Structure formats: structure tokens, C-alpha cells
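K.L.:
predicted model and sequence follow; I will ask about them next.
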Amino acid sequence: MTQSVDRAPTVAHLASFWAPFAQPTFLVIWSVTLLGNVATAMRELAAAWLMTSLSLSAVAVGAVKAASALPMLLLALPAGALADMVNRRYLNISVNMVLGIVTAGIGVATLTESLTPTLLVAAVFVTGVGSALLQPTQQSLVPLLVERPQLEQAVALNGMGLNLARAVGPAAAGVLVAGLGMAAAFFANALGYLFVIAAFVWWKGAGTRAGVGSRERFPGAVAAGLRFVRHEPVLKRVLWRLAWFVFVASAYWTLLPVLVRREFAGSAGLYGNLLACIGIGTAITALILPLLRARLSPENTFRLGLLGTAAVLAALAGLSNVYLAALVVGLAGAAWLAALTVANVAAQALLPDWMRGRGMAIYLAIFAGAMTIGSLTWGWVADHTSVRAAFAIAALAGLGGLLLARRAPIPAHGPDLTPGMHWWPDPHVNQAISAERGPVLVSIEYQIDGAAAPQFLKLLRELSAERLRDGAYQWGVFEDVGQAGLFVETFLVSSWEEHERQYRRISRDDARREEMVLRFHRGPDLPLVRHWVAPP
């Protein structure tokens, strides 16, 4: 999976990296998102550290992280379906308003000293619900902010902004908490939501609809998202790799506050400084990422990120010097950004526009699920052994994840997902068919030379993934026992309306695959296509 490079990286690589900032809308949305993420990082630090003062249990601290991530696991796919169905501008404005009110409420509870461990976890869970509704929408809006050739740079810049927030947020939280108290971090987060709301009030383009054709119904949209991922093998590879990486990396996100309090006898300031070091590491890596990607394939970049994470965890298992720990967690931030940028870009490249919200929702659900399971797992291991033992075991898990690389490599390039509008016509279709009629049985007859049948069937079965991914719920191929070489491909679609959507979803890459199948047909005309609809 390595890429050959015939020249050294130049200034052009760096220039192209910053190119999305030439788009005013991208610059505005990126800036207010950075500000909002800084405020959110302040809140997350305050919540995690506040729990260590309410309970010394590592599981309780892990529960804060899990409560933040769990809503994404539970709600990401429904939220992604909403992102592909509703006005994303209005969704962003309304959810950010609710989040601002809830976060301000947490600040009031902290100020009045009425917060308990249970209430804190519940409050963090509520903010996690808001994030679960927003993140698939925000991810699906990236292609509206930049041209497709700049998508990778835009994703990397978004990652850099997120990690700049992780650098600035904890340091700012330390100053704010020291001067004004813990509640100030929550109030600052509530203020950050106001800037995000203002940006989406200004940007009318966020209201652009994602789907094609008639609007999908909610249950069907959710089912279509699951069906797409199930029948897209390359995307599944990316998601498996993402899940294992996040599960391993969740060890230092979860156990760092416990390490600071138990092993270093440190304060919230020290914890914030270590988080800032993670952010600095990611920010520096974002600046050099174009040069790194010019020399390494996506697969090798991801492996480097996983290997670096394992090395960080192994180091934290034995370090007792705070300054060395700061350097080590900086490497953690670098590895985090390198791996996640590769995974995010790969997932975006494999998703067509009509599925982007739901596809990225499933991506975020996998991320959140791995973070939730990892947080609880490493917290439990730390409570039953020690914090350092948990780091050591997580390091071994990271090395084990390299075994997935051989079976599930990350692709270097995505397919051409431009709509192909390619279909073999059925001249007998009655255009007056009601959209709700169904199910629809589509049959396509091929006349194949006997010697070519095995290769034809191999390609046709590969094509079946496209049929099932884009709308069919059942597929089959049959051979006529009375006429040699006559094969019939069949697939079932839930309704005529869904079959029309299926037509619009065929990409140019899919069309080329269908053309390869068509070359085996030896009849005088195109393969005979028939549509059969269940009686009303």
C-alpha cells in the first residue's frame, strides 16, 4: 500500500494544505468552531477534574468520559439520518441553543455546590446527546465548504482546529479556574455556543439538502445507512481500524487525570498542562502532515500513529518524571491526529453525498463506542491492578492492532462517486406507477458464452454489493436449465420510490463496474430488463 514519490515535498504541499482558508465560509465556520471547541475542552477538563474531587474511583472518572461518548454510540445513526433529511442549518442553531442552556445549568450547580457524582455524569450525558446530534451534521457539511480536491486538507485543518482547542482549552481552563473557580469553565462553554449559533445564522448555505430525489422517511433512512455500511467492504475495513485505534488510545484520555492525582500528586493545573501538551503535539503534527502524507501512504501513516500510541502508553507505564511525561503525551497528540486524519479522510472519500450524514454518523458511533468501551475497560483494569499496569496492557493491545493492518488495509484513494445516472432501460415501464407500490422485483437477462460463465459470475457477485448497498434488500442470480448461457440477475427493492432513488445513487465507479459485466453479454441488444411490482 505504499505510494511512490518521484520528488521531494516542496512548499507547494504546504500551500495546498492552507488552501481551504481562501474560502471565506470555511474560514468563518472553522474559526467559530475552534472557539467553541476551546470552550468545550475547558468544560471537559473541569468535568473530569471535578469528578476526581468527588470520587477517587478510576471507574467514576472513566464514567465521565463514557457518559460523554455513549450518546454518540446510541444516537449517531438517527442523527445522521436527520442530517441527510432535514435543514442542517436550523438543526445546528436549535441544538446549540439547548446545549448553551444546559451547560450554563451545570455551571450554576457547580457554583452552588449542589453537584454530585451522579448528577455530574447525568449532565455530561445530556451534553453528549447534543454533540451526538450535531457532529454527523457538521461532518456532512464539510464538502459544502470546500471543493472536493481540497477535502483532505479541510479534514486535516478541522483536526488541527480541534487539537488546537485541546492545547489552548486546558491551559485557559487552568487560568480561568484558578482565578474564578470551577464553574467559570462551564459558563465559558455556554458562551462559546453563542458564537457557533451566530455563524450558522449567517451561513445560509448550511441549509442545502443532502439527499437526492424525494425525501426519505426516517425509518427507511436509518435502514439505508446500515445497509450501505454492511455492503461497502472497504468502508468496513476503515471502521474496524478506527475502532481498535480509539479503544487503545482511550487509555491515556481516561487515565491521565488518575495518573496525575495518584502518581504525581498533582493539581488541576498539572492535568490541564498535560492536556495542553497533547494539543500542542497535534497542532505541530497538523502543520507537517502534508509533508508526511507526501512521503507515506495512508496505510503507513495510520500504522505510524498506532505504533506511536503504543509507545506512549508503554512510556506512561514506567515514567515518574512529570517533564518527561509532558513530552510523551505530546507524542500521543501527534499519533492521534495522524491516525484519525487518515481514517476520517478515507471514510469521507468512500461516502457519496446522499449517504454522507449517515455514513459519518456510523463513523462517529464506532468512534464513540470504542471510546466508551475503552474508557470503562481501562478504568476497571486500573482499579483492579494499577494505573501503570493498565497503561502497559493498553500498549500491548496497540501492538496487537498492527495485526489488523494485513487483513484490513486503508485504501490510498477513494472511488469516483460522481452520480453516473447509468441504467439499462425497461421500455415497458408504466410511468404512472405509484411511488408507494412495492416491493419491486428487477430482473436482468444476460446471454453468456459457456466458457466465460465463471468469470462473469464472479464479477456479477461483486456487483451485487452495489445493488444491496444502494437500495436492494435481496439479490440473486439464476441459470436457465433449458437454454445454455442464459442467466437472470434479480434483486428486490422495497418500493418503486426507493428503486428510483437507487437509479440516482449509481456512481461513475459503479457504472464502470456494470460496463465490465455488460461486456460478457452476447445478445444482439442490451440485456433485457424487467420490473415486477406487487399488486396493490
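P.N.:
Cool, got the structure.
K.L.:
how about the helices in the stretch 251-400 of the chain?
P.N.:
268-295, 298-316, 322-349, 356-384, 387-401 (DSSP state H, counting those that start in this stretch).
K.L.:
nearest to residue 77, of those helices?
P.N.:
Proximity to residue 77, assessed across the helices of the stretch 251-400 of the chain by Cβ to Cβ, is greatest for helix 356-384 (5.2 Å). All C-beta atoms are positioned from the backbone trio N, CA, C, and that covers glycine.
K.L.:
in that closest one, what counts as buried?
P.N.:
Neighbour-count burial for helix 356-384, with 16 or more other Cβ atoms under 10 Å as criterion, is recorded at 356-379, 381-383.
K.L.:
got JSON lines for the helices of the stretch 251-400 of the chain, with distance to residue 23 and mean pLDDT too?
P.N.:
Shown next, in JSON lines, are the helices of the stretch 251-400 of the chain (distance: least, Cβ to Cβ, whole Å; pLDDT from 0 to 100):
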{"stretch": "helix 268-295", "distance to residue 23": "18", "mean pLDDT": "77"}
{"stretch": "helix 298-316", "distance to residue 23": "24", "mean pLDDT": "92"}
{"stretch": "helix 322-349", "distance to residue 23": "17", "mean pLDDT": "87"}
{"stretch": "helix 356-384", "distance to residue 23": "18", "mean pLDDT": "85"}
{"stretch": "helix 387-401", "distance to residue 23": "36", "mean pLDDT": "91"}
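K.L.:
I'd like these as CSV, with distance to residue 229 appended.
P.N.:
Shown next, in CSV, are those (distance: least, Cβ to Cβ, whole Å):
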stretch, distance to residue 229
helix 268-295, 26
helix 298-316, 19
helix 322-349, 10
helix 356-384, 5
helix 387-401, 21
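K.L.:
right, so of the ones you listed, which gets closest to residue 244?
P.N.:
Of the helices of the stretch 251-400 of the chain, nearest to residue 244 by Cβ to Cβ is helix 387-401, at 4.4 Å.
K.L.:
and that closest one, what other elements does it pack with?
P.N.:
For helix 387-401, the packing partners by 3 or more Cβ pairs under 8 Å, 6 or more residues apart in numbering; DSSP states H and E come out as helix 233-262, helix 298-316, helix 356-384.
K.L.:
need those helices in a markdown table (columns: distance to residue 396).
P.N.:
Compiled in a markdown table, the helices and strands packed on helix 387-401 are given as follows (distance: least, Cβ to Cβ, whole Å):
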| stretch | distance to residue 396 |
| --- | --- |
| helix 233-262 | 9 |
| helix 298-316 | 8 |
| helix 356-384 | 12 |
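K.L.:
so which of those is nearest residue 485?
P.N.:
Smallest distance to residue 485 across the helices and strands packed on helix 387-401 (Cβ to Cβ): 29.5 Å, for helix 233-262.
K.L.:
could you give me the buried positions within that closest one?
P.N.:
Neighbour-count burial for helix 233-262 flags 234-235, 237-239, 241-262 (criterion: 16+ other Cβ under 10 Å).
K.L.:
cool, stretch 48-57 as well?
P.N.:
Buried residues in stretch 48-57, counting neighbours by 16+ other Cβ under 10 Å, are found at 48-52, 54-55, 57.
K.L.:
TSV for those, including pLDDT, secondary structure and distance to residue 86?
P.N.:
Listed next are the buried residues of stretch 48-57 as TSV, based on pLDDT from 0 to 100; DSSP: H, G, I helix; E, B strand; the rest coil; distance: Cβ to Cβ, whole Å:
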residue	pLDDT	secondary structure	distance to residue 86
48	74	helix	33
49	72	helix	37
50	75	helix	35
51	76	helix	35
52	72	helix	40
54	71	helix	38
55	70	coil	40
57	70	coil	41
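K.L.:
quick check: domain ranges of this structure?
P.N.:
Domain segmentation of the chain under automatic domain parsing yields 14-206+216-407, 440-533.
K.L.:
one step back: ok, which of the helices and strands packed on helix 387-401 comes nearest residue 528?
P.N.:
Nearest to residue 528 among the helices and strands packed on helix 387-401 is helix 233-262 (29.9 Å), distances taken as Cβ to Cβ.
K.L.:
just want the angle from the closest one to helix 268-295.
P.N.:
Counting by axes from the mean of the first three to the mean of the last three Cα atoms, to 10 degrees, helix 233-262 lies at 150 degrees to helix 268-295.
K.L.:
and residue 443, what does it touch?
P.N.:
Neighbour list for residue 443: 488-490, 529-530, 532 [criterion: Cβ atoms under 8 Å, 6 or more residues apart in numbering].
K.L.:
now the strands for the stretch 401-536 of the chain?
P.N.:
440-447, 472-479, 486-493, 528-533 (DSSP state E, counting those that start in this stretch).
K.L.:
mind giving me the packing neighbours of the second one?
P.N.:
Where contact means 3+ Cβ pairs under 8 Å, 6+ apart, strand 472-479 is packed against helix 453-470, strand 486-493.
K.L.:
the ones you listed: lowest mean pLDDT?
P.N.:
Of all those, mean pLDDT reaches its minimum on helix 453-470 (a mean of 89).
K.L.:
alpha carbons only: can I get that helix in PDB?
P.N.:
What follows is helix 453-470 as a C-alpha-only set of coordinates in PDB (Å, rounded to 0.1, in the frame of the first residue of the first chain):
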ATOM      1  CA  ALA A 453     -19.600 -18.000 -17.300                       C
ATOM      2  CA  PRO A 454     -17.300 -18.400 -14.200                       C
ATOM      3  CA  GLN A 455     -15.600 -15.000 -14.700                       C
ATOM      4  CA  PHE A 456     -19.000 -13.400 -15.500                       C
ATOM      5  CA  LEU A 457     -20.500 -14.800 -12.300                       C
ATOM      6  CA  LYS A 458     -17.500 -13.600 -10.200                       C
ATOM      7  CA  LEU A 459     -18.000 -10.000 -11.500                       C
ATOM      8  CA  LEU A 460     -21.700 -10.200 -11.100                       C
ATOM      9  CA  ARG A 461     -21.400 -11.200  -7.500                       C
ATOM     10  CA  GLU A 462     -19.100  -8.300  -6.900                       C
ATOM     11  CA  LEU A 463     -21.700  -6.100  -8.500                       C
ATOM     12  CA  SER A 464     -24.300  -7.400  -6.000                       C
ATOM     13  CA  ALA A 465     -22.700  -5.400  -3.300                       C
ATOM     14  CA  GLU A 466     -23.600  -2.200  -5.200                       C
ATOM     15  CA  ARG A 467     -27.200  -3.300  -5.700                       C
ATOM     16  CA  LEU A 468     -27.600  -4.100  -1.900                       C
ATOM     17  CA  ARG A 469     -25.700  -1.000  -0.800                       C
ATOM     18  CA  ASP A 470     -27.800   1.400  -2.900                       C
END
